[in-house]
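**Student:** Here is my input, please return the structure:
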Amino acid sequence: MTNIVRLELEEGATILFLSGDITGQTTDAIVNAANSSLMGGGGVDGAIHRAGGPAILEECRKIVLRDGHLPPGEAVQTTGGRMKAAFVIHTVGPVWKDGMSGESGVLANAYRNSFRLADRMGLHSLAYPAISCGVYGYPPQAAAEVAVCTVIDELKDARSVHEARFVLYSSEMYETFLQAAHKEQHRRNAVRWKFISVPAAVER
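**Tutor:** Numbers count the residues shown, from 1 in each chain. Now for the predicted structure:
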């Protein structure tokens, strides 16, 4: 059974951590770790296009024709196609070079701009993958720390979104993100945060 941990923040905001297939999530939107061409690819990107069907690619083509390639750190939305989520929010993470080429800022922007787009759309929940941790080569621990910190900050100021999920493709990545959340709690001295293990069936 998939492990799921719910982190309860202040004022009703929550973050869920789980390992599994992001394409099956029931959130209002799922975030796609896309490439700048928006034409699909491997990993999470390819899985989302396969699960959602051709309607996603059709909308992506229209976006690229209108606006050009999507710059790293920016975000756009399309339909969710055949998936349970109504929308896909596409964002482009950084390619890891050496950690001193602005990667952390671009990665934070990818999470931040995806979240803010969902908030402007009036959505209540969205699910993230581990952006840039696949072929883009971002070290998982460093990526998790940026992701968790950024999403917590956004949840504090959100008008509409009150739930974010990190849906990780392996148990190792799940543990890495969960550890990053505990580290962030300690860093902020957030004694009111609560980590709660929940049955997988409750969230499906």
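**Student:** Surely residue 109 touches residue 92?
**Tutor:** No: taking Cβ atoms under 8 Å as the definition, residue 109 is not a contact partner of residue 92, at 9.6 Å. From N, CA and C alone the C-beta is placed, and that goes for glycine too.
**Student:** Overlap of the contact sets of the two?
**Tutor:** 72, 73, 74 (Cβ atoms under 8 Å, 6 or more residues apart in numbering).
**Student:** CSV for these, including secondary structure?
**Tutor:** Output for these, formatted as CSV (DSSP: H, G, I helix; E, B strand; the rest coil):
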residue, secondary structure
72, coil
73, coil
74, coil
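**Student:** for this protein, what helix or strand is lowest in average pLDDT?
**Tutor:** Scoring the helices and strands of the chain by mean pLDDT, DSSP states H and E places helix 200-203 at the bottom, with a mean of 54.
**Student:** before we move on, back to that, out of the shared contacts of residue 109 and residue 92, who's nearest residue 197?
**Tutor:** Taking Cβ to Cβ as the measure, residue 197 lies nearest residue 73 of those, at 33.5 Å.
**Student:** Would you agree that closest one is in contact with residue 111?
**Tutor:** No: at 9.3 Å, residue 73 does not count as touching residue 111 under the criterion of Cβ under 8 Å.
**Student:** the more surrounded of the two?
**Tutor:** residue 111 (26 against 20; other Cβ atoms under 10 Å).
**Student:** Where does that one fall, secondary structure wise?
**Tutor:** Element membership of residue 111 [criterion: DSSP states H and E] is helix 103-120.
**Student:** residues in contact with residue 107?
**Tutor:** 73, 93, 94, 131, 132, 138, 143, 146, 147.
**Student:** Quick check: chain neighbours aside, which residue is closest to it?
**Tutor:** Taking Cβ to Cβ, 6 or more residues apart in numbering, and ignoring the residues beside it in sequence, residue 107 has residue 146 as its nearest neighbour in space, at 4.9 Å.
**Student:** Go ahead and confirm residue 12 touches residue 162.
**Tutor:** Yes: at 5.8 Å, residue 12 counts as touching residue 162 under the criterion of Cβ under 8 Å.
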